[in-house]
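Peer 1: quick one, fold the following:
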Amino acid sequence: MYRSAFSVPDAVREVLAGNQLYLQALQAGIVNYTAMAEKMKPEIEKLIGSAVNLNTIVVAVKRLADTMEREPPVPKQSGPKAKMSLTGSIIDIDFQKEADKEILENILEEFFEQDSQYNLFQTDNHFTLLAEDADEVKSMMADAIEKFDAKINEGLAKITISLSKDEKNPYQLLSLISNIFYNSQIPVHSVFFNPSEMVLTLNDRDAARVYDLIRSKIG
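Peer 2: Model (predicted):
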């Protein structure tokens with residue numbers, strides 16, 4: 001059975017680490033613990049994955065506030081510097097690599113000549129084309145889909161994350177994204193990345209939430 005990686009005190013620390021206002025209020029001793037616990041409760045329950053008693057959160061916040069007098073808070077590490085974009089209404093067209101490459105290349109070349117936003121990824125067994133879910137795209141790819149028995153996944157959204165040129169640690173972003181999906185238990189359709197860019201595809205209904213979660217962590 002799946003168990004959350006967060007206890008209530010751990011979740012309280014995680015929420016406080018991401019909210020400088022909460023930390024300053026605790027350090028200054030001007031906070032109403034119950035009111036703060038009520039505001040933190042949805043985020044804590046999201047991290048833990050189950051309902052939490054309000055009094056349990058209040059106790060955890062009080063204990064953490066008591067330790068702050070003896071132990072200075074650990075500053076939150078800055079996230080990787082990156083730019084993000086969110087594109088809805090995406091389709092994923094998956095071609096088997098056993099298809100006649102020459103014919104497939106000719107069909108794809110016709111598509112690439114159009115003024116369309118797309119991503120093409122190649123793995124050992126597949127060619128994956130991400131494109132906007134538009135009638136003209138479907139019409140253009142109809143022959144290829146029929147000839148090569150391509151699989152189409154609809155109802156997707158795409159999040160593109162481009163790292164800043166002066167970002168020295170691309171693996172921090174990979175770790176950050178993995179933790180977000182692990183903690184939130186949001187299903188992901190596909191992930192493609194290189195040292196400077198990451199492209200995530202997921203269900204349209206989850207995209208805005210994931211976008212906000214990632215944006216809150218990166219610089």
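
Peer 1: please make it C-alpha for all contacts and neighbour counts, starting now.
Peer 2: Fine.

Peer 1: tell me which helix or strand in the protein has the weakest average pLDDT.
Peer 2: helix 101-112 (a mean of 69; mean pLDDT, DSSP states H and E).

Peer 1: outline the domain layout of this structure.
Peer 2: Domains of the chain are assigned by automatic domain parsing as 8-68, 82-215.

Peer 1: straight-line length of the longest one, end to end?
Peer 2: Chord length of domain 82-215, first to last residue, is 9 Å (Cα to Cα, to the nearest Å).

Peer 1: same question, the first one
Peer 2: Across its full length, domain 8-68 reaches 18 Å between end residues, using Cα to Cα.

Peer 1: how far away is the closest residue to Ala51 other than its chain neighbours from Leu163?
Peer 2: With sequence-adjacent residues excluded and distances taken as Cα to Cα, 6 or more residues apart in numbering, Ala51 is closest to Glu45, at 5.6 Å. Using Cα to Cα, Glu45 is found at 31 Å from Leu163.

Peer 1: neighbour-wise, which of those two wins?
Peer 2: Taking neighbours as other Cα atoms under 10 Å, Glu45 and Leu163 compare with Leu163 leading, 22 against 16.

Peer 1: so that one makes contact with Lys81?
Peer 2: Yes - counting by Cα atoms under 8 Å, Leu163 touches Lys81, with 6.0 Å between them.

Peer 1: quick one: residues in contact with stretch 195-210.
Peer 2: By Cα atoms under 8 Å, 6 or more residues apart in numbering, the list of residues contacting stretch 195-210 from outside reads 86, 88-89, 155-165, 170-171, 180, 186-193.

Peer 1: buried among those residues? Make that a PyMOL selection.
Peer 2: Provided next is the PyMOL selection string for whichever of these are buried by 16 or more other Cα atoms under 10 Å:
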select buried, resi 88+156+157+158+159+160+161+162+163+170+180
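
Peer 1: for the closest residue to Gln117 other than its chain neighbours, helix, strand, or coil?
Peer 2: With sequence-adjacent residues excluded and distances taken as Cα to Cα, 6+ apart, Gln117 is closest to Ala131, at 6.2 Å. With DSSP: H, G, I helix; E, B strand; the rest coil as the basis, Ala131 sits in strand.

Peer 1: quick check: buried residues in the longest strand belonging to the chain?
Peer 2: When the chain is parsed with DSSP state E, its longest strand is strand 82-96. Neighbour-count burial for strand 82-96 flags 82, 84, 87-88, 90-96 (criterion: 16+ other Cα under 10 Å).

Peer 1: tell me the contacts of the nearest residue to Gln122 once chain neighbours are set aside?
Peer 2: Among residues not flanking Gln122 along the chain, Thr128 sits closest, at 6.3 Å (Cα to Cα, 6+ apart). Taking Cα under 8 Å, 6+ apart, we find Thr128 in contact with 92-95, 120-122.

Peer 1: strand partners of the host helix or strand of Thr128, parallel vs antiparallel please.
Peer 2: Following DSSP states H and E, one finds Thr128 within strand 126-132. Strand 126-132 has the following strand partners under DSSP bridges: strand 82-96 (antiparallel), strand 118-122 (antiparallel).
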